[in-house]
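Q: the following block contains a protein sequence and its predicted model.
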Amino acid sequence: MTESAVLDKDLITFPTGSTTPQRLDLLLRRLPVELDLIDRQGRLAWFNRGFNNGSGNGLDSGISADQSVRSGRRILSRTADQLGLPATDLFPHLDQSSLRETLADLRAGGTDTHRVQQSEDGRVICTELHALRDAEGRYLGASVCTQDVTDLRSLRGSRIPEQDEILRSGPSGLGSPDPAGAGTARTGSSTETAGAAGTRRDGEPRIEDGALVSPTGRIGIQTLYALLNALPYEIGYCDETDIFRWYTEDGHRIFLRHQSSIGQYVVDLHPPRIRGAVEALLEAFRRGIRDHFEFWIELRGRMVAITFLALHDADGQYLGCFDLTGDVTQLRSEGSET
């Protein structure tokens with residue numbers, strides 16, 4: 001198995017599956033975390049959302065955790081004008097001296113991960129920094145993952161939705177229901193193409209000289225592969241026909257996935273007790289009844305949060321969905337630094 005990503009025209013192939021630049025960019029923009037890429041020189045090279053909350057570079061204390069995930073608003077403001085600025089200018093809630101030392105430590109290999117969890121204005125903000133390295137161990141930069149984890153502190157027990165709950169109510173989908181979607185054949189033989197997401201528009205992501213380029217910056221494909229595997233959540237993606245196409249792999253997955261999972265009907269890859277809910281959710285996504293759903297379970301003494309998010313292109317066409325699974329046990333604790 002190759003340890004790096006490969007570009008083939010408009011298809012990005014990872015060791016754990018493949019997808020198109022457009023779908024990958026949509027996924028990155030819908031993640032319920034804020035991602036910033038700090039390059040080798042300690043400067044901002046890329047970020048995953050571009051909403052400016054109008055509060056300068058400070059924390060936007062008026063945005064709830066759910067709004068931050070669903071409305072596209074960031075906890076920390078980011079604009080394209082900030083690309084190239086030093087990281088120490090962009091994270092006002094972190095001590096600049098400590099941030100500078102942490103980035104130097106990540107680069108030197110003294111540590112691979114650093115977490116800061118702070119309580120502020122009734123919210124708990126978690127910031128995680130991860131060293132990004134290629135297959136040979138060369139330093140590519142650092143990812144900074146910022147998220148509001150306040151709501152995680154109230155999770156208790158397990159909450160697995162019933163099928164009728166999923167199909168009965170929920171926010172409107174981003175696109176029009178696709179009457180033909182329910183009848184789409186489930187087969188692993190098809191291959192994603194850039195055309196599946198429609199004609200490329202100005203500002204849409206593109207592959208250029210081995211990097212994913214978008215209005216929010218430039219990130220090399222190998223760096224992107226390392227960044228995705230460094231996320232505090234594991235990701236799986238299925239296409240519009242419910243076929244599993246791609247997943248992240250950090251060596252510590254909660255729900256095991258293998259290369260043999262690629263091309264399989266995604267419902268079959270989930271634990272039996274939640275398969276009915278997953279199947280109903282995919283139907284709700286296709287019909288436009290919902291565009292996201294979250295639930296949680298207790299697993300082997302750990303609290304695991306699971307989020308499903310639908311992907312639609314600019315024309316409202318359903319492109320599939322991804323699931324985001326994370327062990328949030330430690331994130332539920334109050335202020336800490338590790």
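A: Right, received. Where do you want to start? The structure displayed is predicted, hence computed values, not measured ones.

Q: can we go C-alpha only for contacts and neighbour counts from here?
A: Fine.

Q: for Thr329, which non-adjacent residue is closest in space?
A: Met303 (5.1 Å; CA to CA, 6 or more residues apart in numbering).

Q: in its sheet, which strands sit next to the helix or strand that neighbour falls within, and in what direction?
A: Using DSSP states H and E, Met303 sits within strand 302-312. The strands beside strand 302-312 in its sheet (DSSP bridges) come out as strand 292-299 (antiparallel), strand 318-327 (antiparallel).

Q: which of these sits most buried?
A: Of all these, strand 318-327 has the most neighbours on average by mean count of other CA atoms under 10 Å, namely a mean of 22.

Q: can I get that strand as PDB, trimmed to CA atoms?
A: Taking Å, rounded to 0.1, in the frame of the first residue of the first chain, the C-alpha atoms of strand 318-327 are listed here in PDB:
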ATOM      1  CA  TYR A 318     -26.700  15.400  -3.800                       C
ATOM      2  CA  LEU A 319     -23.100  14.100  -3.900                       C
ATOM      3  CA  GLY A 320     -23.200  11.700  -1.000                       C
ATOM      4  CA  CYS A 321     -22.300  12.200   2.700                       C
ATOM      5  CA  PHE A 322     -19.500  11.700   5.200                       C
ATOM      6  CA  ASP A 323     -19.600  10.500   8.700                       C
ATOM      7  CA  LEU A 324     -17.400  12.100  11.400                       C
ATOM      8  CA  THR A 325     -16.700   9.900  14.500                       C
ATOM      9  CA  GLY A 326     -14.700  11.000  17.500                       C
ATOM     10  CA  ASP A 327     -13.900   9.900  21.000                       C
END
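
Q: what comes into contact with that strand?
A: Contacting residues not belonging to strand 318-327 are listed as 23, 27, 175, 178, 196-197, 232-242, 254, 282, 285-286, 302-313 [CA atoms under 8 Å, 6 or more residues apart in numbering].

Q: distance of the closest residue in space to Leu27 that isn't next to it in sequence relative to Asp209?
A: Nearest non-adjacent residue to Leu27, counting by CA to CA, 6+ apart: Leu311, 7.1 Å away. Plainly put, Leu311 is 26 Å away from Asp209 if you go by CA to CA, to the nearest Å.

Q: more crowded one of those two?
A: Leu311 (26 against 9; other CA atoms under 10 Å).

Q: which strand residues bridge that one?
A: Gly320.

Q: related to what we said a few turns ago, right, so of the strands paired with strand 302-312, which gets closest to Gln82?
A: strand 318-327 (28.3 Å; CA to CA).

Q: for Ser98, helix, strand, or coil?
A: helix (DSSP: H, G, I helix; E, B strand; the rest coil).

Q: and it, how far from Glu240?
A: 45 Å.

Q: same question, Arg115
A: 36 Å.

Q: ok, Arg23 next?
A: 11 Å.

Q: now Leu106: phi and psi?
A: phi -60, psi -40 (degrees, to the nearest 10).

Q: to clarify, my last question referred to Val33.
A: phi -140, psi 160.

Q: hang on, isn't it packed against Gln147?
A: Yes. At 5.1 Å, Val33 counts as touching Gln147 under the criterion of CA atoms under 8 Å.

Q: ok, those two, which is more surrounded?
A: Val33 (26 against 22).

Q: filter the contacts of strand 318-327 down to the buried ones, PyMOL style.
A: Buried residues among these (16 or more other CA atoms under 10 Å), as a PyMOL selection:
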select buried, resi 23+27+175+196+197+232+233+234+235+236+237+238+239+240+241+242+282+285+286+303+304+305+306+307+308+309+310+311+312+313
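
Q: helices of the stretch 151-300 of the chain, residue ranges please.
A: Assigned by DSSP state H, counting those that start in this stretch, the stretch 151-300 of the chain shows helices spanning 163-168, 221-230, 272-287.

Q: which of those comes out lowest on mean pLDDT?
A: The minimum mean pLDDT among these belongs to helix 163-168 (a mean of 51).

Q: coming back round to it: which one of the strands paired with strand 302-312 lies nearest to Gly42?
A: Closest among these, once you apply CA to CA, is strand 318-327, at 27.9 Å.

Q: any idea how far that closest one is from the chain center?
A: 8 Å (CA atoms, centre = their mean, to the nearest Å).

Q: do stretch 265-280 as well
A: Between the centre of stretch 265-280 and the centre of its chain there are 21 Å (CA atoms, centre = their mean).

Q: and Gly210, how far is that from Gly316?
A: Gly210 is 29 Å from Gly316, by CA to CA.

Q: and if you look at Ala230?
A: For Ala230, the distance to Gly316 - CA to CA - is 30 Å.

Q: more neighbours, these two?
A: Counted by other CA under 10 Å, Ala230 and Gly316 do not tie: Ala230 has more neighbours, with 25 against 16.
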